[in-house]
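**Q** give me coordinates for this.
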Amino acid sequence: MLTLERGPAAGTVWVVREHPTEVRWLGALEARRVQDLIDAEQRNRTAVARSRYREVLRSRIVWQLVATYFLWFGATFGVVLWLPTVIKNASPSSSALHVGLLSAIPFVVALIAMLLWGRFGRMSIARNGIAFSLAAAGFAILGGQLIHNGTGQLLLLCVVATGGYMAVGTMLAVPSVMFPEASAGVVVAVMATMGSVGGFAGPFLVGWLSQITGSTLTGFAGLAACFLAASILAWFTIPGGRFPMEAVAVEPNQSLSETGVSKDA
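**A** Residues are numbered from 1 along each chain as shown. Model prediction:
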């Protein structure tokens with residue numbers, strides 16, 4: 001299967017050329033002109049990219065978005081990796097197959113919620129959708145640690161999974177409507193990178209707190225705190241109502257500092 005999938009791609013090595021001057025279907029003069037245009041474009045892009053990278057790393061709003069995504073994914077992956085343990089503790093007599101099937105239920109519910117949010121959600125309510133879903137996940141984690149009914153815990157885990165995954169796509173789309181096009185990609189890249197780091201930190205936090213206190217309650221309370229902190233950051237970082245780039249045109253070379261608007265816009 002892998003050979004069939006990758007065979008055509010490998011075959012392009014003998015068909016596709018790296019530079020216009022290497023192809024046979026362009027004349028020498030045409031190929032040289034195309035190559036000169038590409039070189040000039042790359043030089044301009046490199047200069048702009050370096051400026052954009054520095055500007056992004058100096059932006060407070062960008063780092064608030066990064067912190068939101070870091071906390072969000074730390075809490076979400078903490079739940080993902082520790083979910084079977086929670087279900088096993090709630091139902092000690094369950095087999096490994098039973099635990100696996102029960103563990104899948106919250107994520108099926110989250111998938112449905114993601115599809116519904118993607119279909120009916122709007123960027124104009126992005127702040128509400130992100131902040132409220134994260135807050136709901138945080139409170140549901142705390143509630144799940146305070147009740148001992150298996151069915152009730154499973155329902156709360158569905159809320160946690162839904163809150164953790166429902167608005168991920170919206171969050172990744174936020175930079176494209178908050179910043180100029182040339183900067184938005186850099187912001188998303190930094191967010192995704194730090195989100196991956198958060199995906200390691202969240203499960204580690206649960207294990208560490210559980211080990212030093214002898215109870216998983218503190219570990220999951222830490223995840224709840226991450227969800228709630230991400231919710232607060234999202235509320236005060238993402239503009240409410242119409243986004244700035246939905247309301248006005250932003251020039252491609254506009255700086256990050258020139259795109260700031262009130263969150264109550």
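
**Q** pull the distance from the host helix or strand of residue 112 to the chain's centre.
**A** Using DSSP states H and E, residue 112 sits within helix 96-120. In terms of Cα atoms, centre = their mean, to the nearest Å, the centre of helix 96-120 is set 18 Å apart from its chain centre.

**Q** would you tell me what the next helix or strand after it is?
**A** helix 126-146.

**Q** hmm, who's touching stretch 80-99?
**A** For stretch 80-99, the external contacting residues (Cβ atoms under 8 Å, 6 or more residues apart in numbering) are 100, 102-103, 106, 144, 148, 150, 153-154, 157, 203, 206, 216, 219-220. For every residue, glycine as well, the C-beta is placed using N, CA and C.

**Q** closest to residue 74 out of those residues?
**A** residue 203 (8.3 Å; Cβ to Cβ).

**Q** counting neighbours, what do you get for the closest residue in space to the closest one that isn't next to it in sequence?
**A** Distances taken as Cβ to Cβ, 6 or more residues apart in numbering place residue 81 nearest to residue 203, at 4.4 Å, with adjacent residues excluded. Number of residues near residue 81 (other Cβ atoms under 10 Å) recorded here: 15.

**Q** which among the contacts of stretch 80-99 end up buried?
**A** For those, a burial check counting by 16 or more other Cβ atoms under 10 Å picks out 102-103, 106, 144, 153-154, 157, 203, 206, 216, 219-220.

**Q** next, the contact list for the residue lying closest to residue 144 once chain neighbours are set aside, please.
**A** Closest residue in space to residue 144, ignoring its immediate chain neighbours: residue 156 at 4.2 Å, by Cβ to Cβ, 6+ apart. Shown in contact with residue 156 (Cβ under 8 Å, 6+ apart): 140-141, 143-144, 147.

**Q** at 10 Å what do you get?
**A** 86, 106, 136-137, 139-147, 149 (Cβ atoms under 10 Å, 6 or more residues apart in numbering).

**Q** residue 226 too?
**A** When the contact criterion is Cβ under 10 Å, 6+ apart, the partners of residue 226 are 70-76, 78, 134, 137-138, 141, 198, 201-202, 205.

**Q** what pLDDT does it get?
**A** Note on residue 226: pLDDT of 92.

**Q** so which helix or strand takes in it?
**A** For residue 226, the host element (DSSP H and E) is helix 216-237.

**Q** could I get the buried residue list for that helix?
**A** Of the residues in helix 216-237, 216, 218-235, 237 count as buried by neighbour count, 16+ other Cβ under 10 Å.

**Q** same check on stretch 61-73?
**A** For stretch 61-73, a neighbour-count test (16+ other Cβ under 10 Å) marks 61-63, 65-73 as buried.

**Q** closest one of the residues you listed to residue 112?
**A** For the buried residues of stretch 61-73, the nearest to residue 112 is residue 72 (20.0 Å; Cβ to Cβ).

**Q** who are the contact partners of the nearest residue to the closest one once chain neighbours are set aside?
**A** Distances taken as Cβ to Cβ, 6+ apart put residue 230 closest to residue 72, at 4.4 Å, once the chain neighbours are dropped. Counting by Cβ under 10 Å, 6+ apart, residue 230 makes contact with 67-76, 130-131, 134-135, 137-138, 164, 171, 198.

**Q** now distance to residue 25 and pLDDT too, for the contacts of residue 156, in JSON lines please.
**A** Shown next, in JSON lines, are the contacts of residue 156 (distance: Cβ to Cβ, whole Å; pLDDT from 0 to 100):
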{"residue": "86", "distance to residue 25": "62", "pLDDT": "77"}
{"residue": "106", "distance to residue 25": "55", "pLDDT": "90"}
{"residue": "136", "distance to residue 25": "58", "pLDDT": "93"}
{"residue": "137", "distance to residue 25": "56", "pLDDT": "92"}
{"residue": "139", "distance to residue 25": "63", "pLDDT": "93"}
{"residue": "140", "distance to residue 25": "61", "pLDDT": "91"}
{"residue": "141", "distance to residue 25": "61", "pLDDT": "89"}
{"residue": "142", "distance to residue 25": "65", "pLDDT": "87"}
{"residue": "143", "distance to residue 25": "66", "pLDDT": "87"}
{"residue": "144", "distance to residue 25": "64", "pLDDT": "83"}
{"residue": "145", "distance to residue 25": "67", "pLDDT": "79"}
{"residue": "146", "distance to residue 25": "71", "pLDDT": "81"}
{"residue": "147", "distance to residue 25": "70", "pLDDT": "80"}
{"residue": "149", "distance to residue 25": "71", "pLDDT": "76"}
